[in-house]
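Trainee: Give me coordinates for this.
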Amino acid sequence: MPTYNFSAGPAVMPKPVIDQIQAELPSFQDSGMSIMEISHRSQLFEQVINDAEQDLRDLMQIPNNYRVLFFQGGGTLQFTAAPLNLATAHHHIGLLDSGHWASRAADEARRVATQVDILATGTDNHFTALPQLQGPVDQNLDYVHLTTNNTIEGTMYTKLPDTGHVPLVADMSSNFLGQPYNVTDFGMIFAGAQKNLGPAGLTIVIVRDDLIGHAKNLPSMLDYQLFAEKQSMFNTPPVFAIYAAGLVLKWLKAQGGLAAMAQRNQEKAARLYDFLDQSQLFNNPVIPSDRSTMNVPFMTGDPALDAQFIAGATDQGLLNLKGHRLVGGMRASLYNAMPLAGVDALVDYLATFEATHAKGVLN
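Mentor: The predicted model follows:
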């Protein structure tokens, strides 16, 4: 029986990439050393990190005036690094509060003496719809923070807010490389790798040249200018995570690039949403126009029945469907490496479970 991993992260990776890692692990490029053993200063790794950057630039069409930086610390560290590096003129940012991770970003910015204006919030509708700007943005803000995909709440921005001349800083962690965006619409993009790009331990920062180098006396491990000058090699980078991410980037190219992946992701999500919308037992609370193609929360409304569904799904090889504790119910994450067959298997089990349980619940 096949198994399908619907975890929100660390998440499913492409099988060909896993197979290649397994084959190369004892001796990387016939060096006699594992990728986990080679020096980050070696020519072998220099090729790995340079290829990863170039493949990412190709896939996202990143212009030359943007730096690609490889960090550790997860996307959460960038909640601190972004205001320290970019909020240097007024120490004042705006933020669209679209859920848990946007709220966390606001909290961390405030910890480093940055004023945060909540420009719009989804609290009134329990984050089942995306907050939208209702007027022009104060042009004295250093930047506006946006979470493009809300992993917990299951919402995703496809149309970006108009912030005028104020740079848009995007936490793209959970739809990075799964939904195409124009890089030049942002001053900065950051993303943890463990959703669509590779194993945990790596964070990508893509930042426009003119926005960095203004902060003084930053901790070295948070300094974008220093990392740009050192080509992300100020200290030992996460060698294995960069190597694995590089393999995923090559796999994405072989699949036809981001437009092709987005089309597949939309097809996968549509199959699940179509079932949920006609279901008499399960429901998705998000308004259709704001639904994520990456993370789909759903529930029955009965926690005991949800738990029964999750246990049965696990027995069927449908893994990690338990919803986040803040939302409850279930959540299916449909990242790039999730095959359509996995979604079909989930929909089949949903239908079987509903046929067995819906009558008693509805009566």
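
Trainee: Neighbours of Thr300, how many?
Mentor: Using other Cβ atoms under 10 Å, Thr300 is surrounded by 21 other residues. All C-beta atoms are positioned from the backbone trio N, CA, C, and that covers glycine.

Trainee: what sits against it?
Mentor: Counting by Cβ atoms under 8 Å, 6 or more residues apart in numbering, Thr300 touches Leu281, Phe282, Asn283, Asp306, Phe309, Gly329, Val361.

Trainee: what's the pLDDT at it?
Mentor: At Thr300, the pLDDT value in this model is 96.

Trainee: so what's the backbone phi/psi at Glu153?
Mentor: phi -80, psi -20 (degrees, to the nearest 10).

Trainee: Give me the distance from the lowest-mean-pLDDT helix or strand in the chain to the chain's centre.
Mentor: Between all helices and strands in the chain, the lowest mean by mean pLDDT, DSSP states H and E belongs to helix 340-362, at a mean of 88. A distance of 28 Å separates the centroid of the chain from that of helix 340-362, by Cα atoms, centre = their mean, to the nearest Å.

Trainee: For Gly99, grab the count of nearby residues.
Mentor: 25.

Trainee: where in the protein is pLDDT low?
Mentor: 358-363 (pLDDT under 70).

Trainee: related to what we said a few turns ago, now, among the contacts of Thr300, which is nearest to Ile204?
Mentor: Gly329 (30.6 Å; Cβ to Cβ).

Trainee: so what's that closest one closest to, chain neighbours aside?
Mentor: Met299 (2.7 Å; Cβ to Cβ, 6 or more residues apart in numbering).

Trainee: mind checking how far the one you found is from Ser42?
Mentor: According to Cβ to Cβ, to the nearest Å, Met299 and Ser42 sit 50 Å apart.

Trainee: These two: which has the busier surroundings?
Mentor: Met299 (21 against 14).

Trainee: May I have the beta-bridge partners of the more buried one?
Mentor: Here Met299 sits in beta bridges with Asn283, as judged by DSSP bridges.

Trainee: Can you show me the strands along the stretch 251-363 of the chain?
Mentor: 295-298, 318-319, 330-333 (DSSP state E, counting those that start in this stretch).

Trainee: just the stretch 101-250 of the chain next, same as before
Mentor: 115-121, 144-147, 149-150, 155-156, 168-171, 188-192, 203-208.

Trainee: which ones are touching the one residue sitting closest to the centre of the chain?
Mentor: In the chain, the residue lying closest to the centroid (Cα atoms, centre = their mean) is Ser174, at 1.7 Å. Listed by Cβ under 8 Å, 6+ apart, the contact set of Ser174 reads Ala8, Gly9, Asn149, Asn150, Thr151, Lys195, Asn196, Ser292, Met294, Asn295, Ser333.

Trainee: those helices in this structure, which residues are they?
Mentor: Using DSSP state H, the helices found in the chain span residues 15-24, 43-60, 74-86, 100-111, 224-229, 239-254, 257-278, 303-315, 340-362.

Trainee: Who are the packing partners of the first one?
Mentor: Other helices and strands packing on helix 15-24, by 3 or more Cβ pairs under 8 Å, 6 or more residues apart in numbering; DSSP states H and E, are helix 239-254.

Trainee: From the contact counts, what lies against the helix it packs on?
Mentor: helix 15-24, helix 43-60.

Trainee: List the buried residues for it?
Mentor: Neighbour-count burial for helix 239-254 flags 239-252 (criterion: 16 or more other Cβ atoms under 10 Å).

Trainee: same check, this time on stretch 268-275
Mentor: Buried-residue list, stretch 268-275, by 16+ other Cβ under 10 Å: Lys268, Ala269, Arg271, Leu272, Tyr273, Phe275.

Trainee: ok, the last one - contacts?
Mentor: Just to be clear, that refers to Phe275. Phe282, Val347, Leu350, Ala351.

Trainee: just checking, Phe176 touches Lys195?
Mentor: Yes. Phe176 is in contact with Lys195 according to Cβ atoms under 8 Å; the separation is 6.7 Å.

Trainee: Pull the number of nearby residues for the closest residue to Ser232 other than its chain neighbours.
Mentor: What sits nearest to Ser232 in space, not counting adjacent residues and going by Cβ to Cβ, 6+ apart, is Phe70, at 4.0 Å. Using other Cβ under 10 Å, Phe70 has 22 other residues around it.
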